[in-house]
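Asker: With the input below, show me the fold.
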Amino acid sequence: MHPLFAYVTHYTSTSLTEEEFAVLLSHFVFKKIRKKQYLLQEGEVCKHFAFILKGAMRQFYLDDNGVEHVVNLSIENWWAGDQESYVLVTPSKYYIEAWEESEVLLITYENKQKLCKQFPAFNELLQRLDERNTIASQKRITSMISMTAEQRYKNFLESYPYFSERFPNHIIASFIGITKDTLSRIRKKAATQ
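Answerer: As a prediction, this is how the structure comes out:
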């Protein structure tokens, strides 16, 4: 079964036939992205959202001092893109970089809108994703505001256990809003307990 077909049927209660999926899939463009290649760079408009078939990506921005701040990590069966730039057609402030060799399916905003009208299953999928993303964003904001570094790392491991195997410590540290030295101390302390 195609990964996107499995994904759509997993997250929706609305059925989708294989023939309908073939039409749906025809609105996507397949692309390979080399490790360290950008899907999106600061200043560009995000013209496509990417469904990751294979690989891992990170979304980050650079502050005025040139320090990277990771805002999203994505692996297989996740989506990557800058929602604000994609919807409002504005220049992005983010970079989206392939951390591993990746294969993605790209969809334009126009094609996404067409598919939402044509296929109730796709529309339901996007509604569920928006709900899940809102919940995840709220949890992340709460974590950043109210949790200690140790609690944030523990929460990260519970929420995203597979990320620790795919991304190095400095990226994980940035994602949870701590320094890599703080993360090293937390990991060292946990290993001795």
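
Asker: who are the neighbours in contact with the most centrally placed residue in the chain?
Answerer: Computing the C-alpha centroid of the chain and ranking residues by Cα atoms, centre = their mean puts residue 74 first, at 3.7 Å. Residues in contact with residue 74 (Cβ atoms under 8 Å, 6 or more residues apart in numbering) are 52, 56, 57, 58, 59, 80. Just so you know, the C-beta spots here come from the backbone N, C-alpha and C atoms, and that holds for glycine as well.

Asker: Recalculate using a threshold of 6 Å.
Answerer: By Cβ atoms under 6 Å, 6 or more residues apart in numbering, the contact list for residue 74 reads 52, 57, 80.

Asker: which of the residues you listed lies closest to residue 13?
Answerer: Nearest to residue 13, judged by Cβ to Cβ, of the contacts of residue 74 is residue 52 at 23.8 Å.

Asker: Give the pairing partners of the helix or strand harbouring the closest one; include direction for each.
Answerer: Using DSSP states H and E, residue 52 sits in strand 48-54. When pairing is defined by DSSP bridges, strand 48-54 lines up against strand 79-80 (antiparallel), strand 102-108 (antiparallel).

Asker: Now do the lowest-mean-pLDDT helix or strand in the chain: distance to the chain's middle.
Answerer: Across the helices and strands of the chain, mean pLDDT, DSSP states H and E gives its lowest value to helix 180-192, namely a mean of 86. Helix 180-192 has its C-alpha centroid displaced from the chain centroid by 26 Å (Cα atoms, centre = their mean, to the nearest Å).

Asker: quick one: contacts of it?
Answerer: Residues from elsewhere that reach helix 180-192 (Cβ under 6 Å, 6+ apart): 149, 150, 153, 169, 170, 173.

Asker: going on from the longest helix anywhere in the chain, what's the next piece of helix or strand?
Answerer: When the chain is parsed with DSSP state H, its longest helix is helix 120-146. Next along the chain after helix 120-146, taking DSSP H and E as the criterion, comes helix 149-159.
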